[in-house]
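Participant: Could you work out the structure for the sequence below:
(chains A and B)
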2 protein chains.
Amino acid sequence: METRLVNSLDFARANFESYVEALSQLIAIPSISHEGYDPDAIRRAVEWIEGKLNSLSMDRVRVFQTSRSPILFAEKLAPAMGKPTILIYAHYDVQPAEPLEAWDSDPFAAARKDDYLYGRGSSDMKGQFLACIAALEAIQQSGELPVNVKFLIEGDEETDPEPLDSFIKEHAEVLECDHCLNVDAGMLRQDLPAIVYGLRGAMSVTLNVTGPDHDLHDGMYSGVVENPFHVLARLIAGLQDENRRITLPGFYDDVREIDANEHAAAERHPSDADYYRQASGSPALIPDDEFLPIERIGARPSFNVRWVEMGAKKSAIPVSARARLAFRLVPDQDPDRIYSSLVDYVMQNAPTTVSWSFENRVSSPGVLVPVESDAVRRMQAALKATWRVDPLLQRIGGAIPVVGELQDYLGIDSVLTGFSLPDDNIHGPNERLHLPTAQRGIEALIRYFFLVGEQA
Amino acid sequence: METRLVNSLDFARANFESYVEALSQLIAIPSISHEGYDPDAIRRAVEWIEGKLNSLSMDRVRVFQTSRSPILFAEKLAPAMGKPTILIYAHYDVQPAEPLEAWDSDPFAAARKDDYLYGRGSSDMKGQFLACIAALEAIQQSGELPVNVKFLIEGDEETDPEPLDSFIKEHAEVLECDHCLNVDAGMLRQDLPAIVYGLRGAMSVTLNVTGPDHDLHDGMYSGVVENPFHVLARLIAGLQDENRRITLPGFYDDVREIDANEHAAAERHPSDADYYRQASGSPALIPDDEFLPIERIGARPSFNVRWVEMGAKKSAIPVSARARLAFRLVPDQDPDRIYSSLVDYVMQNAPTTVSWSFENRVSSPGVLVPVESDAVRRMQAALKATWRVDPLLQRIGGAIPVVGELQDYLGIDSVLTGFSLPDDNIHGPNERLHLPTAQRGIEALIRYFFLVGEQA
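Facilitator: So this is what the prediction gives:
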């Protein structure tokens, strides 16, 4: 085994440029799942990945149509019987790149500069997905697979959890596995790998406030006719108190307390207040006497308005104003209950001068995965062997809905790690991947596949 | 004189289609003064109007360049000495037409349907300006001008009062006149002409709130880094109390009280609460126990957010959020003092998590013009002779900055009337002009020019 590991690691190192080349090809396909973008790019991304999976000689590769973007499934059994099965999750869709003028290079033409590869999806998560592929390629160059491998690859991670949610419910059998490997969770610093055991959930919904039935000149109507944006602003302002605590009744009732161990770990966590201030470039962080920044991100719920819209740039009282309200939730908050109390709040506080509605609700609960499992221990060992440092066990603030869905519907726990860095600018302009970290990531994945294979 | 009046009225009636044709030509030139629109349209509008003025055989027609759109000045003296001089004000610029899909016809191709001519500027105010031209044409067909006439025609009324403000200060001599005729003030119903004696002023400014130095993923930062839009929403919400009274300290100190006569007139005014509700299509008006709707529009200040902007539609905490804050002011509120108290308010209430700035401030004070003047009396008579009903004397909610500028700098009072109707959708989609009302307007203007000429 040791020889095979060394051969695989050597192969991966020697062929790292092939990884960069493959990633550059995939970045060049602008597979944005948001409405209004070219759906043909989604089709081309699926075809490209299908080709890649076929080149790995998978036993079967299938493309499933969904209500939005196709889902790819693939599997390859290890020749040896009784090996564990790892379900590798990935998504091939990316965020839009606007504003394009904020990029120093074309977001859909990979650009290499120093140790980085720039481009939309380089880090989130085309680069992460292809690290898994590169690891399996290296292993197969040295012999047979040590584990059974399945792939579950979706194309709506950035927009809508529904298609994958439905797919998981309907395909329990094909997804059967020992655990899921999800490399969409990132790490903290180049020298500090991480395993994530907690994720915030989310409940986001669009609040639409409607006033007059046509745009009105504000000189001729202001003071008598309500501007629906004013109502929206008051409702949004009222959702948080002066300490930015969310005011919805019962909002914090089900928030799981942070225990002493977790708090002690948070105090040792390298992401302190100074880190967050510098990484964000904010004049100052929101003050909080009760919780550390890392606790507020990982273990406390939050509220954020993602976008707002009202009429054109005219002196008008507009027909309507809309905002996307996003709550980040933690275990054991119930997204449906939060939504109900939000509806109650608007019902009680919106004046009769306007009508209102909620649209496009998307929910996922917060998740904690067990940290004592064999799979997590093997990933810890693989990361430690690669970086020569104990990986950080942490909770993060983002949602990865698939983790909760696999847990809830199929009882499948995920091992969450990844090789993206906080300054990769995911979702922003000049998204990039730190190539030496990606290379270490591939090596860690090779070790991990072998370690899981030894388990049986 | 009576014969000349009848001849002029006959000519105007017989040639009304020429008026519609000229208006259609001018509507076809999209002379939008907002930034980002084709400046060549402004140039073509100026050329078209220059041609029109020359066809009236004005003594001189001049085009003045300004920091933005050109200003046209023209004059023609009556052959008889000692006649009064009327300065006719107009603007040739129009509001943008977006959203274009909300129009039933091309906003820049006049479309006639039933009694209406549709198109951007048909009512505000290309149609009003050309009514003055048509009246003068009709008068000149029957003989010499009974008054001296000057034209002051600007191209930035919809965007920036500064160029005209500077022009008025610098050209006091050429603008010398007995009074200004301004037909940009509109009327109330097809059967009820109006003279406006009070106008609200305005102080509008953009508030820009800045947070992080790049867009941040809200899962990775929300709860720790402030969303600048949240701050903006809180600041906007805090500017009004639950009765929508503006909370800035001292805001109402200088508001001139509504006297008993004005209140009695407001009670008789046809625009009651029911009118405003129906005309706006709002579910309900803002409740107010103290003031009638027409008082709130004409004699009370108000606050309105004209537009708001923040990042793209992504799950991001954006770098910045901006809103255009517009206060409508009444005599004797001082726009500079209101601005100072707004700055104080933001200074005291904005948290240290963001920085902020104000940009693009535009101010004009509220104005009252004397209703006892000869000029107003003659306009009343001209309107009454045309509509066979006493015209309404009223205050309106919009600002017409030129009225205050002429009053403040040159001591020139304005006669404010016009033939636009509340359902002309000015500034909105499907702007239109009611042609029978425009025709009556031309007739009233013919009578008015003769009546002022008799005065000497």
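Participant: If you drop the residues flanking it in sequence, what lies closest to residue A:93?
Facilitator: Once flanking residues are discounted, residue A:93 sits nearest to residue A:33: 3.8 Å by Cβ to Cβ, 6 or more residues apart in numbering or on different chains. Bear in mind the C-beta positions are built from the backbone N, C-alpha and C, glycine included.
Participant: Check whether that neighbour really touches residue A:68, as I assumed.
Facilitator: Yes - the pair residue A:33 / residue A:68 is scored as a contact, 6.7 Å apart, by Cβ atoms under 8 Å.
Participant: and those two? which has more neighbours close in?
Facilitator: residue A:33 (25 against 19; other Cβ atoms under 10 Å in any protein chain shown).
Participant: what's near enough to touch the more buried one?
Facilitator: Counting by Cβ atoms under 8 Å, 6 or more residues apart in numbering or on different chains, residue A:33 touches A:42, A:68, A:69, A:93, A:94, A:155, A:156, A:157, A:158, A:159, A:160.
Participant: thought the third one was touching residue A:42?
Facilitator: Spelled out, that is residue A:69. Yes - taking Cβ under 8 Å as the definition, residue A:69 is a contact partner of residue A:42 at 4.9 Å.
Participant: on that earlier part again, so what's in contact with residue A:33 and residue A:68 at the same time?
Facilitator: Both residue A:33 and residue A:68 are contacted by A:155, A:156, A:159, A:160, under the criterion Cβ under 8 Å, 6+ apart.
Participant: From what I see, the second one and residue A:70 are in contact.
Facilitator: No - counting by Cβ under 8 Å, residue A:156 does not reach residue A:70; the two are 9.6 Å apart.
Participant: Show me which residues of the strand or helix carrying residue A:409 are buried.
Facilitator: Assigned by DSSP states H and E, residue A:409 belongs to helix A:401-410. Neighbour counts over helix A:401-410 (16 or more other Cβ atoms under 10 Å in any protein chain shown) mark A:401, A:402, A:403, A:404, A:405, A:406, A:407, A:410 as buried.
Participant: what's the answer for stretch A:190-203, then?
Facilitator: Residues A:193, A:194, A:195, A:196, A:197, A:198, A:199, A:200, A:201, A:202, A:203 are the ones in stretch A:190-203 that count as buried (16+ other Cβ under 10 Å).
Participant: Now the last one: closest residue in space, sequence neighbours ignored.
Facilitator: Yep, that's residue A:203 we're talking about. Nearest non-adjacent residue to residue A:203 (Cβ to Cβ, 6+ apart): residue A:335, at 4.0 Å.
Participant: OK, contacts around that neighbour?
Facilitator: Applying Cβ under 8 Å, 6+ apart, one finds that residue A:335 lies in contact with A:201, A:202, A:203, A:327, A:329, A:363, A:364, A:365.
Participant: The first one bridge partners, please.
Facilitator: When bridges are called by DSSP bridges, residue A:201 pairs up with residue A:329.
Participant: how about residue A:364, phi and psi?
Facilitator: Backbone dihedrals for residue A:364, given as degrees, to the nearest 10, come out at phi -150, psi 140.
Participant: circling back: could the shared contacts of residue A:33 and residue A:68 go into CSV alongside distance to chain B, pLDDT and secondary structure?
Facilitator: Output for the shared contacts of residue A:33 and residue A:68, formatted as CSV (distance: Cβ to the nearest Cβ, whole Å; pLDDT from 0 to 100; DSSP: H, G, I helix; E, B strand; the rest coil):
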residue, distance to chain B, pLDDT, secondary structure
A:155, 17, 98, coil
A:156, 14, 96, coil
A:159, 10, 89, coil
A:160, 13, 87, coil
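Participant: Write the PyMOL selection for whichever of the residues you listed are buried.
Facilitator: The PyMOL selection below is limited to those of the shared contacts of residue A:33 and residue A:68 classed as buried (16+ other Cβ under 10 Å):
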select buried, chain A and resi 155+156+159+160
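Participant: between the shared contacts of residue A:33 and residue A:68, which is nearest residue B:121?
Facilitator: Among these, residue A:159 lies closest to residue B:121 (Cβ to Cβ), at 41.3 Å.
Participant: and the residue of the stretch 301-450 of chain A nearest chain B?
Facilitator: Using Cβ to the nearest Cβ, the closest approach of the stretch 301-450 of chain A to chain B is made by residue A:398 at 3.0 Å.
Participant: Can you give me every residue that contacts that residue?
Facilitator: A:199, A:200, B:217, B:219, B:220.
Participant: What count of nearby residues applies to residue A:388?
Facilitator: Using other Cβ under 10 Å, residue A:388 has 8 other residues around it.
Participant: So what's the predicted local confidence for it?
Facilitator: Residue A:388 is assigned 97 on the pLDDT scale.
Participant: what's the answer for the one 5 residues further on, then?
Facilitator: Residue-level confidence at residue A:393 comes out at 91, pLDDT.
Participant: what helix or strand does it sit in?
Facilitator: Element membership for residue A:393, per DSSP H and E: strand A:392-396.
Participant: list the helices and strands that strand packs on?
Facilitator: Judged by 3 or more Cβ pairs under 8 Å, 6 or more residues apart in numbering or on different chains; DSSP states H and E, the packing partners of strand A:392-396 are strand A:194-199, helix A:260-268, helix A:293-298.
Participant: Give me the distance from the longest helix seen in chain A to the chain's centre.
Facilitator: Counting residues, the longest helix found in chain A (DSSP state H) is helix A:435-455. Centroid separation for helix A:435-455 versus its chain: 21 Å, with Cα atoms, centre = their mean, to the nearest Å.
Participant: One more: stretch A:247-265?
Facilitator: In this view, stretch A:247-265 has its centroid 22 Å away from the chain centroid, taken as Cα atoms, centre = their mean.
Participant: Any part of that stretch near chain B?
Facilitator: No - if you take Cβ under 8 Å from any Cβ of the partner chain as the test, stretch A:247-265 misses chain B, and the best it gets is 12.0 Å.
Participant: Output that stretch in PDB with nothing but the alpha carbons.
Facilitator: Extracted in PDB, the C-alpha atoms of stretch A:247-265 (Å, rounded to 0.1, in the frame of the first residue of the first chain):
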ATOM      1  CA  THR A 247     -36.700  40.800  16.900                       C
ATOM      2  CA  LEU A 248     -39.100  38.100  15.500                       C
ATOM      3  CA  PRO A 249     -40.800  36.600  18.600                       C
ATOM      4  CA  GLY A 250     -39.300  33.200  19.600                       C
ATOM      5  CA  PHE A 251     -36.500  33.600  17.000                       C
ATOM      6  CA  TYR A 252     -33.800  32.400  19.400                       C
ATOM      7  CA  ASP A 253     -35.900  29.900  21.300                       C
ATOM      8  CA  ASP A 254     -34.500  26.800  19.500                       C
ATOM      9  CA  VAL A 255     -30.900  28.000  19.000                       C
ATOM     10  CA  ARG A 256     -28.700  25.300  20.400                       C
ATOM     11  CA  GLU A 257     -26.400  26.700  23.100                       C
ATOM     12  CA  ILE A 258     -22.600  26.700  22.500                       C
ATOM     13  CA  ASP A 259     -21.100  24.300  25.000                       C
ATOM     14  CA  ALA A 260     -18.000  24.900  27.000                       C
ATOM     15  CA  ASN A 261     -15.800  22.800  24.700                       C
ATOM     16  CA  GLU A 262     -17.000  24.600  21.600                       C
ATOM     17  CA  HIS A 263     -16.500  27.900  23.300                       C
ATOM     18  CA  ALA A 264     -12.900  27.000  24.300                       C
ATOM     19  CA  ALA A 265     -12.200  25.900  20.700                       C
END
